[in-house]
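>>> Okay, sequence plus prediction incoming.
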Amino acid sequence: MDYATLLQILDSTIRLAVPLLLACLAGLWSERAGVFDIGLEGKMLVAAFASGAVAYITGSAWAGLAAGIGAALVWAVLHGIASITFRGNQLISGVALNFLASGMTVLVAQAAFSQGGRTPALSSSGRFNEVTLPFADAVREVPVIGPLYADVISGHSLLVYLAVLAVPATWWVLLRTRFGLRLRAVGENPAAVDTAGVSVTRLRFAAVLIAGVLCGIAGTYLATALQAGFGREMTAGRGYIALAALIFAKWRPWGALWATLLFGFFQAIALRPDVVPIPVAALEALPYVLTVLVLAGFVGKAIPPRAGGEPYVKER
Amino acid sequence: DPALIFDLGGKFDKSFNEAAYMGADRWKKDTGGSYREIEMQSEAQREQALRRLAQSGSNPIVMTGFSFADVLTQVAPDYPDTKFVIIDSEVDEPNVRSVVFSEEQGSYLAGIMAAMASKTDTVGFIGGMDIPLIRKFGCGFAQGVEATKPDATVLVSWTGSTPAAWNDPVRGGELARAQIGRGADVIYHGAGGTGIGILQAAADEGVLAIGVDSNQNALHPGQVLTSMVKRVDVAVYDAFTQGEAIEPGTVVLGLADQGVSVAMDENNADLVTPEMSAAVEEATQKIIAGEISVHDYMTDDSCPIAGF
Amino acid sequence: MRHGPDSEAAIELRGISKAFGPVQANKDIHIRVARGSIHGIIGENGAGKSTLMSILYGFYRADSGQILVGGRDTPIPDSQAAIRAGIGMVFQHFKLVQNFTVLENVILGAEDGRRLQPSLAKARRELARLSADYGLEVDPDARIEDLSVGHQQRVEILKALYRQADILILDEPTGVLTPPEADHLFRILRGLREQGKTVILITHKLREIMDITDEVSVMRRGEMVATVRTKDTSPPELAELMVGRKVLLRVDKQPAQPGEVVLDVRDLRVSRDGVERLKGVSLSIRRGEILGIAGVAGNGQSELLEVLGGIATATGSVRLNGRELDLSGREDGQDRRHAGVAHIPEDRQHLGCIMDFAAWENVAFGYHRDEDYRSGPLTDNAALKADTAAKMARFDVRPPLPTLAIKHFSGGNQQKIIVAREIERNPDLLLIGQPTRGVDIGAIEFIHKQIVALRDQGKAILLVSVELDEVMSLSDRVAVMFDGRIMGERDAATTTERDLGLLMAGMEA
Amino acid sequence: MRQIPRWADVVLVPLISLLLAAICATAVILAIGQDPWEAIVTMVTGALGSAYGWGYTLYYTTSFIFTGLAVTMAFHAGLFNIGGEGQAQLGGLGIALVLLYIPWPHWTVALLAAIVASAAFGAVWAAIPGWLQARRGSHIVITTIMFNYIAYALIVWMLVDVLRPPGQAEPATARFAVGIPALSDIPGLNLIFSDAVPANISLFLALIACVGVWALLWRTPLGYEIRAFGKSEAAARYAGIRPVRTVMIAMALSGALAGMMSINNVMGESGRLLQNSSEGAGFIGIAVALMGRNHPFGVVLSALLFGFLYQGGAELGLWTQIPIDLRVVVQGLVILFTGALDHMVRMMLGLVFAPRKVA
Ligand SMILES: Nc1ncnc2c1ncn2[C@@H]1O[C@H](COP(=O)(O)OP(=O)(O)OP(=O)(O)O)[C@@H](O)[C@H]1O
Ligand SMILES: Nc1ncnc2c1ncn2[C@@H]1O[C@H](COP(=O)(O)OP(=O)(O)OP(=O)(O)O)[C@@H](O)[C@H]1O
Ligand SMILES: [Mg+2]
Ligand SMILES: [Mg+2]
């Protein structure tokens, strides 16, 4: 496999890793606050649909983004109501919302566009097109790093760079601010926060909503940048891989970046049977197998937030 | 009433199934008749759909796609009075009509145009599900390229080995980018709904693509060189018009009877040079006349030229 | 200068009532706490003490009633309000974030500014001052999970002081402390009183009440039955007020007649996630004697019980009636039971029973594979229910309903059901952990009688309790555990609290 | 929270949840500009209006009973098994292997073999995540999800590269030599089911399984141990209940039940192994179990309900403009209300049943 091929694979690695990264950060926010969220898949899906539909109707990618985030937020609020307000089972709530998403998107898409659950293809104005970073062409001639910068780093949609920036942002807010401190505390021992006179419910909702926003961006990316429109089940299990990546990342922001890049890389080589002579089925199973190994602690043990999955009930 | 069953990938795949839909729709407009239609959601559904339609008295029942072959062999005998039409596959039953196309011929023409349009002398073919039928496309395409530019390279990739491969635009897009990365500047797809992603990627990366089944030139005007149109719509239209009277047996539609062709319209007018259309015209005549015989992969399951 | 209890009220509660579903936890409570005093509150389990204090701290909302702070009517809808009113609370179960540092825990909820750095810096200075003033030394950068319980408690107190609390509530603070640690705590509390702060102290230990409080209020079944000046009352009087009848605080029992050795433990070692919890424990118990294990919770007693009960694995040798027991985990709790070991666990609600199961199902717990509860491959539920009804009658369990879920029984009654289940198996060795934790004096009396009776039938009994008085009054011999070792063994009749206290603190006496 | 009578908890809570789900579904239908009444009529007539409809309704019901029981079994051990899908498909693989490679003298023997094979394959596929949870503490929800994907890849590979007969384009095995009688083949029943229906004798197998699961959980020491472990692992240890063993047994049983679903669809209906043979029944099992309050008999009822929903939904896709995907929406709503918002429903009921004061 020559350098050029490697660059291509890295290029598509980034394209494929970004939705995973955003979803993974979403999961990170939610679970650091003690709310499990297997509903990432569903949130991305509704976001993908909403952004695809609105971007088509308005012809504006930004309108699409707004819609995508909005839709994901609706799902996030539902999850919050079920698992925070009414102390329901967070896992079941997530599963339910995933089903709801996969059904609703197709239903509404069919009703609105009657194109078999797909939204019409977007014109370039309705999409987040690739932006070329400064000096991309200038440095292309520089050996090795030149092409790396010009072809891999540069030339992605705006949302890609947004996603990457979300990593340090998450890190800073989570570890360097009052909000972050309280949020982490809520994920470890909500009673401590409650007795300190801070509302557990509000903090957890905040976390869930942030997760919604990130999933919204992820879905929008799928429908308006990676693709030109929404297609049924277009998230294709990315939400679950993101969860796996989250565990792999041990619930840490930078870890999330590396984990999702790794999984993105697997997906990228799965698309290149010409370079890796392994049966495609095997390549497709690889991320899942790896995840299982990670979960099994064969690749480093991960300790989840202590209060994760536990609805908070006042008691002494 | 007649009925139409769309395969996975859906009625609006902008390609194979959509072509069938066009036919049915035209028939509806022309005759004012009505028909039933179902879209497959999963493999295991086929039999229920067939039986349900037959049982509810639809006749004839048209289904798009080879995947129905096996199920149809099971179901057809149970409903001797119902006529079935299967497109893209041969089922030998007294009440079944099988319609197949000489895709290799149309693909050959596409190959010629691709070779002439290519500046890098590298062109690509991306098949959907890796099955003989689609290899047939690729093989004809490769022969067309070979005949025009013997030293040109033809890259070949497949989206997958299951029907899911018909409806995976993301993967299609990535595969296209990969081929473009390897120098391809014209990409021909035979991948149904997945093709949307392929055409999109080609357009995004500023190279030419060739559509399939339906006329896909309009999807990205000026960026789709042409489309290897397969007149599934005609097949459906005929079936519906002949109704219950339709006679069983196998029908092969090729260049001669406009069953396959390369689409020329305002969307690709400025892409198609006079030489190109001349070359296409010439090849067409020769094929019809039998002076050129395009090798059909399915006859011996091999394609030396394309290397599979 | 020292304020007397007669000065004006720091806190006054009027007609506070609170119900949890069917349970009336507090009924029309009136109480007045003088500024600058240490005010004790005692009462049986479930009397409503913690509930009342949680209401005062805004953790629960009272159904009705009025709260006055410093004479002014101060509604306290949430903990924030309580903090603003200058009230701080140290809960029975600490509210600390285990993997945060002391500093982070202290500022949590009391940060000034959105960014952490300034708050942390300020808290560091503030902590240094408080430690100096009240002798509350603790390393500000230590992680809570690495701190001893005593230190964790100091962090809780620091949290309150950092929030400028001048009324401090402590809910059963000494339950988890060694006598020396408890003494230190009391010095701190006295120090706070010197500074004019008000302390409300909930405890079950009459001795502590007598030691340090100025006034004491007694609760029973959700009601406030009396508030008296400490110097005008006595332990027996308080006990009577609590239970509503006379109780004898000492167990009366004949001296033991030990028989042959039943349990013989040699060099027992247990390691859990890298840490060695038992560091070579050896002991032996004979028929007809009670060996008491004294010590502060978390010094290996739990591990000892778990190993003997077949829950945890270990190395070393354990012989029961001369037979070597397997410690590698190949034998489980049921094998132990067959070998003649009964086990009343330390934590009845989390180990001893399944809270959602009915009483009769819990009576089978651990013995569910026994022949008498089986008919062929199936379980004989009828027999089981009958047996449960009989046990309930013998042990005076209230209400005597075999089909009632055990979570709906009161703590003491839950304990009675478990005790019945375990001792009626006629075991050779009985393991007992914290037999009377969360059980009120009435039930304590009953359970103690049962244990002594069992000893007199010639059983060997291993008793683990953090209540020093309980160990001393029940046991024939007392062994003290500290840091996974047996620090020493004493004759219960002759030893003194002080002596044991030193051992519990890890000091060779 | 206020106590509500047990009967209300068992009967009213699911019914109200169902009602809420139905209301939302109606709203959805209206929102996409369709006629709910038409939808209901179509579903009822299509699913229950004819022997043919019943044939399919009962066919789906059978599958859902198996997967519902699978989820129930795991639930009682405190495990949330989302892997029913993969386990069912593996069960199908097991059936395919024994039926393709061994010539069976008679369908009865073949059925026994199929039961063993499907149960074994499903059990293994569930026991691995069980082991990972018990021994390595990997979260069973995530692992079972992962195992669904791995199963999918495995099946694709088997169908494409191993089991696909030469010359066949679609990824599927050859037809099995033997099948099991459909209800329409059974003397007596064939008077009702005149023309061929997919529902087959595995329906009775499913009902037997229900009784079996019930007896196991509530009438045997093993069931006692599973339930006790599900309530509290620490307490279970104290009582000498071995965690690893219990988790593995519970998951194996759960997987076996899921796998046996394939007797209905793979051996019974299609007579060969197709890709995605379980068609999401593994997931529907979650809704069925929740709706059935994790009791085998409740499972039968809710399985019937979902059988109706699925056949009716298929008919919607056929005769109305309402996409078949409405099924998925309803499924999601039921899970949401019965599984996640059940406290809300209870609170609503709590207001109805005034608290009884004690103490
Ligand atoms: N969490 C709870 N939910 C509902 N009812 C409860 C709860 N906790 C206790 N109760 C009920 O409150 C009553 C008193 O419980 P509690 O354990 O406080 O009794 P208690 O005063 O400690 O009695 P004992 O001295 O026997 O322990 C019991 O009848 C019990 O059923
Ligand atoms: N969250 C709750 N839900 C239901 N009942 C409760 C709850 N908290 C306490 N109770 C009940 O209220 C009553 C008073 O409990 P509380 O904890 O105040 O007693 P206590 O005096 O603190 O007992 P202890 O000495 O064991 O701490 C008990 O019957 C208890 O069971
Ligand atoms: Mg208390
Ligand atoms: Mg109590």
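Cool, got the structure. Ligands and ions are numbered 1, 2, ... in the order given.

>>> ok, now how distant is the closest residue to ligand 4 within the stretch 301-450 of chain C from residue D:201?
As assessed by C-beta to the ion, ligand 4 sits closest to residue C:411 within the stretch 301-450 of chain C, at 3.0 Å. No exception for glycine: its C-beta is placed from N, CA and C like everyone else's. Residue C:411 is 54 Å from residue D:201, where distance means C-beta to C-beta, to the nearest Å.

>>> In contact with the spatially most central residue of chain D: list those residues for me.
Nearest to the geometric centre of chain D sits residue D:67, at 2.2 Å (C-alpha atoms, centre = their mean). By C-beta atoms under 8 Å, 6 or more residues apart in numbering or on different chains, the contact set of residue D:67 is D:84, D:88, D:257, D:258, D:261, D:278, D:281, D:282, D:284, D:285, D:288.

>>> tell me the contacts of the last one?
Contacts of residue D:288 were listed using C-beta under 8 Å, 6+ apart, and they are D:64, D:65, D:67, D:68, D:71, D:299, D:302, D:303, D:306.

>>> could you redo the last one with a cut-off of 6 Å?
Residues in contact with residue D:288 (C-beta atoms under 6 Å, 6 or more residues apart in numbering or on different chains) are D:64, D:68, D:299, D:302, D:303, D:306.

>>> One more: residue B:238?
If a contact means C-beta under 6 Å, 6+ apart, then residue B:238 has no contacts.

>>> in which helix or strand would I find it?
Per DSSP states H and E, residue B:238 falls inside helix B:232-242.

>>> next one: that helix to chain centre, how far?
Centroid separation for helix B:232-242 versus its chain: 16 Å, with C-alpha atoms, centre = their mean, to the nearest Å.

>>> Then stretch C:500-509?
21 Å.

>>> got the buried residues for that stretch?
Buried residues in stretch C:500-509, defined by neighbour count with 16 or more other C-beta atoms under 10 Å in any protein chain shown: C:500, C:501, C:502, C:503, C:504, C:505, C:506.

>>> try stretch A:115-131
Within stretch A:115-131, judged by 16+ other C-beta under 10 Å, the buried ones are A:115, A:116, A:117, A:118, A:119, A:120, A:121, A:122, A:126, A:127, A:128.

>>> Check for me that residue D:10 belongs to a helix.
Yes - membership of residue D:10 in a helix is supported by DSSP: H, G, I helix; E, B strand; the rest coil.

>>> Check what pLDDT it gets.
Per-residue pLDDT puts residue D:10 at 80.

>>> Let me know how buried it is, in neighbour terms.
13 (other C-beta atoms under 10 Å in any protein chain shown).

>>> Roughly how far does it sit from ligand 2?
Distance, residue D:10 to ligand 2, by C-beta to the nearest ligand atom, to the nearest Å: 23 Å.

>>> Grab the nearest non-local neighbour of that residue.
Among residues not flanking residue D:10 along the chain, residue D:293 sits closest, at 6.0 Å (C-beta to C-beta, 6 or more residues apart in numbering or on different chains).

>>> coming back round to it: state the mean pLDDT of the helix holding residue B:238.
92.

>>> mind listing what residue 42 touches?
Assuming you mean chain A. So residue A:42 contacts A:75, A:97, A:98, A:101 (C-beta under 6 Å, 6+ apart).

>>> hm, I was asking about chain D
D:315, D:316, D:319, D:320.

>>> who touches the last one in this structure?
What that stands for is residue D:320. Taking C-beta under 6 Å, 6+ apart as the criterion, residue D:320 is in contact with residue D:42.

>>> what's the answer for the third one, then?
Residues counted as contacts of residue D:319 (C-beta under 6 Å, 6+ apart) are residue D:42.

>>> quick one: pLDDT of it?
pLDDT, residue D:319: 79.

>>> Next, give phi and psi for it.
phi -110, psi -10 (degrees, to the nearest 10).

>>> For residue C:119, give me its contacts.
By C-beta under 6 Å, 6+ apart, residue C:119 lies in contact with C:107, C:111, C:112.

>>> Select only the buried ones of those residues in PyMOL?
Entered in PyMOL, the line below selects the buried ones among these, by 16+ other C-beta under 10 Å:
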select buried, chain C and resi 107+111
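
>>> Next step: the contacts of residue C:119 restricted to helices.
If you go by DSSP state H, the contacts of residue C:119 have residue C:107 in helices.

>>> Now render the contacts of residue C:119 as JSON lines, adding distance to residue A:175 and pLDDT.
Formatted as JSON lines, these follow (distance: C-beta to C-beta, whole Å; pLDDT from 0 to 100):
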{"residue": "C:107", "distance to residue A:175": "14", "pLDDT": "94"}
{"residue": "C:111", "distance to residue A:175": "14", "pLDDT": "90"}
{"residue": "C:112", "distance to residue A:175": "18", "pLDDT": "87"}
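
>>> So which of the contacts of residue C:119 is the closest to ligand 1?
residue C:107 (32.6 Å; C-beta to the nearest ligand atom).

>>> pretty sure the closest one contacts residue C:123?
Yes - the pair residue C:107 and residue C:123 passes the contact test of C-beta atoms under 6 Å, sitting 4.8 Å apart.

>>> And the buried ones among the contacts of residue D:288, selectable in ChimeraX?
Restricted to buried positions by 16+ other C-beta under 10 Å, the ChimeraX selection for the contacts of residue D:288 reads:
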select /D:64,68,299,302,303,306
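
>>> neighbours of the closest residue in space to residue B:45 that isn't next to it in sequence, just the number please.
Spatially, and ignoring its direct neighbours in sequence, residue B:45 is nearest to residue D:279 (7.5 Å; C-beta to C-beta, 6+ apart). The number of residues packed near residue D:279 is 21, by other C-beta under 10 Å.

>>> you'd agree residue D:279 is in a strand?
No - secondary structure of residue D:279 (three-state DSSP): coil, not part of a strand.

>>> Check what pLDDT it gets.
Listed pLDDT for residue D:279 reads 87.

>>> could you dump the buried residues of stretch C:500-509 to TSV with distance to ligand 1?
Shown next, in TSV, are the buried residues of stretch C:500-509 (distance: C-beta to the nearest ligand atom, whole Å):
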residue	distance to ligand 1
C:500	27
C:501	28
C:502	33
C:503	31
C:504	27
C:505	31
C:506	33
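
>>> Please list the members of those that lie in helices.
Per DSSP H, the buried residues of stretch C:500-509 map to helices at C:500, C:501, C:502, C:503, C:504.

>>> Touching, the second one and residue C:181? I think so.
No - under the criterion of C-beta under 6 Å, residue C:501 lies out of contact with residue C:181, with a separation of 10.0 Å.

>>> and the closest residue to chain A within chain B, how many neighbours does it have?
The minimum distance from chain B to chain A, using C-beta to the nearest C-beta, falls at residue B:10 (3.5 Å). By other C-beta under 10 Å, the residues close to residue B:10 number 24.

>>> any idea how far it is from residue B:167?
According to C-beta to C-beta, residue B:10 stands 7 Å off from residue B:167.

>>> Not counting its neighbours along the chain, what's nearest whichever residue of the stretch 151-300 of chain B sits closest to chain D?
Relative to chain D, the nearest point of the stretch 151-300 of chain B is residue B:161 (4.3 Å; C-beta to the nearest C-beta). Among residues not flanking residue B:161 along the chain, residue D:160 sits closest, at 4.3 Å (C-beta to C-beta, 6+ apart).

>>> tell me the contacts of the nearest residue to residue D:107 once chain neighbours are set aside?
Distances taken as C-beta to C-beta, 6+ apart place residue D:178 nearest to residue D:107, at 4.8 Å, with adjacent residues excluded. The contact partners of residue D:178, by C-beta under 6 Å, 6+ apart, come to D:104, D:107, D:110.

>>> Among those residues, which one sits closest to chain C?
Nearest to chain C among those: residue D:110, at 29.1 Å, using C-beta to the nearest C-beta.

>>> Output the contacting helices and strands for whichever strand or helix holds that closest one.
Taking DSSP H and E as the criterion, residue D:110 maps to helix D:107-136. In terms of contacts (3 or more C-beta pairs under 6 Å, 6 or more residues apart in numbering or on different chains; DSSP states H and E), helix D:107-136 is packed against helix D:84-101, helix D:140-157, helix D:243-262.
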